[in-house]
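Undergrad: A structural model of the following input is requested.
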Amino acid sequence: MRRSILTLLCATVATVLMVPTGVSAQEQIVEDDENDVPVFWDAETGATVEEPLSGHSRLSRIDYLDMICYKLSLDPATSVYTLWMEVSGGLPVEGDALPSGIKIVEWGLWIEDGVWNPYFNPITPYFLIALVYDGASYDACVLDCQTKEIVMSLEDEDFWHAGAELQFSFPADSIGNPESFNWMTSTRVWCGQPDTIGYRFTDMTDWDACPGDAGYDLTWPP
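TA: Have a look, this model is predicted:
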């Protein structure tokens, strides 16, 4: 099951914390608009627009697809990044069935070189780090979006989920040790088989999370 799941993937605040070694760690905390699932874009600007069904889409009733806050942090002592995320409702417990027609749910972090806009700048991300659930169990990996190859599968101790919160960690060298990058988060549902593109983005970093940029990405370091 692990391999089939992973194949399928083929207002910012910056703070400084102190880790036990005395080396400062960085983190970027972002609040996300609630009740904005599923996401739709303006065909001329790429900006987020109000969901045309006014909250009556069946996807809008799946609380764990709606991000409300997330945090990216780096521990320089171990060179490990961690993404923590809170969603609007409780995450599935392992064994919970997914809604009819949905095969996979994904909570993802995208590493990019530039500010992504679906119309003006539809760049291909460098990496996707994602936690996924298939109706039976959770899994996570780092995917190279350029080659469509899995860089590494995350071990059970590298991710967790409880209530409405989830978290996963990955080493900086798994994404090439970049000094800086753009990043965004998303939720997504997959309805197709591993060899299809049957997916739908349901939530992502808000359009205005990084004021002045006509896109959805934040900048690291903060």
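
Undergrad: and the residue most central in space within the chain, how far from residue 117?
TA: Taking CA atoms, centre = their mean, the centroid of the chain lies closest to residue 108, which sits 2.3 Å from it. According to CB to CB, to the nearest Å, residue 108 stands 18 Å off from residue 117. Glycine gets a C-beta too; all of them are placed from N, C-alpha and C.

Undergrad: what do you get for residue 86?
TA: Between residue 86 and residue 117 the computed distance is 26 Å (CB to CB).

Undergrad: which one's more surrounded, the two?
TA: For residue 86 versus residue 117, the count of surrounding residues by other CB atoms under 10 Å is larger for residue 117: 19 against 16.

Undergrad: which residues does that one bridge with?
TA: Beta bridges link residue 117 to residue 121, judged by DSSP bridges.

Undergrad: confidence score at it?
TA: In the predicted model, residue 117 carries a pLDDT score of 91.

Undergrad: before we move on, what about residue 53?
TA: Reading off the model, residue 53 has pLDDT 71.

Undergrad: show me what contacts it?
TA: By CB atoms under 8 Å, 6 or more residues apart in numbering, the contact set of residue 53 is residue 60.

Undergrad: confirm that it sits in a helix.
TA: No - counting by DSSP: H, G, I helix; E, B strand; the rest coil, one finds residue 53 to be coil, located in no helix.

Undergrad: report the separation between it and residue 40.
TA: 10 Å.

Undergrad: cool, and residue 180?
TA: Residue 180 sits 30 Å away from residue 40 when distances are taken as CB to CB.

Undergrad: look at those two and report which has more neighbours.
TA: residue 40 (15 against 8).

Undergrad: which residues does the more buried one contact?
TA: Residue 40 touches 48, 49, 50, 51, 52, counting by CB under 8 Å, 6+ apart.

Undergrad: who's it bridged to?
TA: Going by DSSP bridges, residue 40 forms beta bridges with residue 49.

Undergrad: so how far is residue 173 from it?
TA: Counting by CB to CB - residue 40 and residue 173 are separated by 37 Å.

Undergrad: please name the nearest non-neighbouring residue to residue 199.
TA: Leaving aside its chain neighbours, residue 199 sits nearest to residue 190 (4.7 Å; criterion: CB to CB, 6 or more residues apart in numbering).

Undergrad: so the one you found bridges to which residues?
TA: Beta-bridge partners recorded for residue 190 (DSSP bridges): residue 104, residue 199.

Undergrad: ok, so of the contacts of residue 40, who is nearest residue 103?
TA: residue 51 (22.6 Å; CB to CB).

Undergrad: the helices in the chain, which residues?
TA: For the chain, applying DSSP state H gives helices covering 2-9.

Undergrad: low-confidence ranges, it, go.
TA: Counting by pLDDT under 70, the low-confidence segments of the chain come to 1-24, 54-55, 193-197.

Undergrad: try it again at 50.
TA: Scanning the chain for pLDDT under 50 picks out the ranges 1-22.

Undergrad: buried residues of stretch 124-144, list them for me.
TA: Neighbour-count burial for stretch 124-144 flags 125-134, 138-144 (criterion: 16 or more other CB atoms under 10 Å).

Undergrad: extract the CA atoms of it and return them as PDB.
TA: The C-alpha coordinates for stretch 124-144 follow below in PDB (Å, rounded to 0.1, in the frame of the first residue of the first chain):
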ATOM      1  CA  THR A 124       6.700  23.400 -12.100                       C
ATOM      2  CA  PRO A 125       7.600  23.100  -8.400                       C
ATOM      3  CA  TYR A 126      10.900  21.600  -7.400                       C
ATOM      4  CA  PHE A 127       9.600  19.400  -4.600                       C
ATOM      5  CA  LEU A 128       6.400  18.200  -3.000                       C
ATOM      6  CA  ILE A 129       6.500  16.900   0.600                       C
ATOM      7  CA  ALA A 130       3.200  15.400   1.500                       C
ATOM      8  CA  LEU A 131       1.200  13.400   4.000                       C
ATOM      9  CA  VAL A 132      -1.400  11.300   2.400                       C
ATOM     10  CA  TYR A 133      -4.300   9.100   3.500                       C
ATOM     11  CA  ASP A 134      -6.000   6.400   1.400                       C
ATOM     12  CA  GLY A 135      -8.900   5.300   3.700                       C
ATOM     13  CA  ALA A 136      -6.700   2.700   5.500                       C
ATOM     14  CA  SER A 137      -3.400   4.300   6.600                       C
ATOM     15  CA  TYR A 138      -1.200   7.400   6.400                       C
ATOM     16  CA  ASP A 139       2.000   7.700   4.500                       C
ATOM     17  CA  ALA A 140       4.400  10.600   3.600                       C
ATOM     18  CA  CYS A 141       7.300  11.200   1.200                       C
ATOM     19  CA  VAL A 142       9.400  13.800  -0.500                       C
ATOM     20  CA  LEU A 143       8.800  13.900  -4.300                       C
ATOM     21  CA  ASP A 144      11.000  15.500  -6.900                       C
END
